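In: Just a sequence and a predicted model for now, questions to come.
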Amino acid sequence: MTERNGADSVALAYDGWAPIYDLVFGPVFREGRRVATQAAERVGGRILEVGVGTGLSLAGYRRENTIFGMDISAPMLWKARGRVERQGLGHVGGLAVMDAERLAFGDDSFDVIVAQYVVTAVPNPERALDEFLRVVRPGGEIIIATRVGAESGLRGTIERALMPVTSRLGWRTEFPWSRYADWVAGAAGAKLLERRPLPPLGHFSLVRITKDARSAKATSSMAASTGGGPVAQRMASSPHKES
Ligand SMILES: C[S@@+](CC[C@H](N)C(=O)[O-])C[C@H]1O[C@@H](n2cnc3c(N)ncnc32)[C@H](O)[C@@H]1O
């Protein structure tokens with residue numbers, strides 16, 4: 001499967017989930033979303049919600065913040081846009097279809113990046129994490145609510161066996177903590193602040209990562225290649241919501 005096909009099939013899976021997503025995944029992740037939103041607000045400011053989905057968490061942010069939401073699935077974002085309009089969520093600065101692995105924003109654009117139940121869905125999680133680190137400002141935070149798979153044992157075996165099925169549904173079951181730990185160890189400027197368990201079943205974690213303010217990391221020239229700056233500005237200044 002090519003990388004593009006990988007992203008397309010994830011998008012297709014969530015296009016299919018969109019009409020029933022809130023019903024199926026609304027309550028089960030509610031507490032995790034609340035904890036992640038609270039963690040994001042401790043930094044506050046310009047917040048990017050990666051994989052915002054149907055926008056279930058948007059109303060939970062205080063109005064002093066400005067929230068930008070992006071997702072690879074347009075039908076999920078249509079739901080988010082409806083929610084923004086129905087609930088009058090004026091603190092939502094923009095919603096856009098975008099790939100987490102190729103964020104159309106310049107370096108250091110946000111105070112906080114929030115990714116709730118997304119990292120294990122993208123085809124190349126480490127590439128998405130690189131992008132989060134690139135677009136967050138030094139001293140800002142990356143807040144991740146995530147499923148963490150078993151490293152070994154029976155649960156690990158079951159999770160590996162389930163992969164062909166769950167990949168088609170839009171997520172990985174196999175995703176050991178070592179994937180995060182190895183990424184943090186290898187990404188210049190990334191520093192793990194916290195990992196804490198989240199419900200349900202103890203299979204989920206809240207992960208907080210900061211970008212070292214002293215880091216001289218060359219955050220790459222991807223913004224230029226993706227046209228990041230202008231899109232970020234358009235999203236920030238446009239009075240209408242994009243999707
Ligand atoms: C399990 S849902 C979580 C949605 C929302 N964050 C929540 O808490 O309900 C995963 C979301 O990630 C989005 N997604 C998957 N791969 C993506 C990618 N490469 N770029 C952006 N969004 C992606 C999906 O379309 C879906 O909306």
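Out: Now that the structure is in, tell me what you want to look at.
In: hmm, the helix or strand hosting V114 in reach of the ligand?
Out: Using DSSP states H and E, V114 sits within strand 110-116. Yes: for strand 110-116 and the ligand, the contact criterion (Cβ under 6 Å from any ligand atom) is met by Q116. The C-beta positions use only the backbone N, C-alpha and C, and glycine is treated the same way.
In: Pull up the pairing partners for that strand, direction included.
Out: If you go by DSSP bridges, strand 110-116 pairs up with strand 46-50 (parallel), strand 136-147 (parallel).
In: Which SSE is immediately downstream of the first one?
Out: Later in the chain than strand 46-50, the nearest helix or strand by DSSP H and E is strand 66-71.
In: Poorly predicted segments of the chain, please.
Out: 1-5, 150-152, 154-159, 161-163, 165-173, 215-243 (pLDDT under 70).
In: Up against the ligand, what does it have?
Out: For the chain, the contact set with the ligand under Cβ under 6 Å from any ligand atom comprises 7, 10, 14, 25, 29, 33, 51-53, 56-57, 71-73, 76, 99-101, 116-118, 121-122.
In: Buried by neighbour count, from those residues: which ones?
Out: Buried members of the residues of the chain next to the ligand, counted by 16 or more other Cβ atoms under 10 Å: 7, 10, 14, 29, 33, 51-53, 56-57, 71-73, 76, 99-101, 116-118, 121-122.
In: list the helices and strands the helix or strand M76 falls within packs on?
Out: Taking DSSP H and E as the criterion, the element that holds M76 is helix 74-87. With contacts taken as 3 or more Cβ pairs under 8 Å, 6 or more residues apart in numbering; DSSP states H and E, helix 74-87 sits against helix 3-17, helix 21-25, strand 66-71, strand 92-97.
In: Compare the ones you listed and give me the one nearest R147.
Out: Of all these, helix 21-25 sits nearest to R147, with 12.1 Å by Cβ to Cβ.
In: next structured bit after the closest one?
Out: Counting by DSSP H and E, the next helix or strand C-terminal to helix 21-25 is helix 30-43.
In: Need the CA coordinates for that following helix. PDB is fine.
Out: The C-alpha trace of helix 30-43 is given here as PDB (Å, rounded to 0.1, in the frame of the first residue of the first chain):
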ATOM      1  CA  ARG A  30     -15.500  11.800  26.900                       C
ATOM      2  CA  GLU A  31     -13.300  11.800  30.000                       C
ATOM      3  CA  GLY A  32     -10.100  11.600  28.000                       C
ATOM      4  CA  ARG A  33     -11.200  14.600  25.900                       C
ATOM      5  CA  ARG A  34     -12.000  16.500  29.100                       C
ATOM      6  CA  VAL A  35      -8.600  15.800  30.600                       C
ATOM      7  CA  ALA A  36      -6.800  16.600  27.300                       C
ATOM      8  CA  THR A  37      -8.700  19.900  26.900                       C
ATOM      9  CA  GLN A  38      -7.900  20.900  30.500                       C
ATOM     10  CA  ALA A  39      -4.200  20.100  29.900                       C
ATOM     11  CA  ALA A  40      -4.200  22.200  26.700                       C
ATOM     12  CA  GLU A  41      -5.800  25.200  28.500                       C
ATOM     13  CA  ARG A  42      -3.000  25.300  31.100                       C
ATOM     14  CA  VAL A  43      -0.900  26.700  28.200                       C
END
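In: Give the other helices and strands that that helix contacts.
Out: So helix 30-43, by 3+ Cβ pairs under 8 Å, 6+ apart, packs with strand 110-116, strand 136-147, strand 190-198, strand 204-211.
In: centroid residue for this structure?
Out: Centroid-nearest residue in the chain, with Cα atoms, centre = their mean: A115, separated by 2.4 Å.
In: With that, I have no additional questions.
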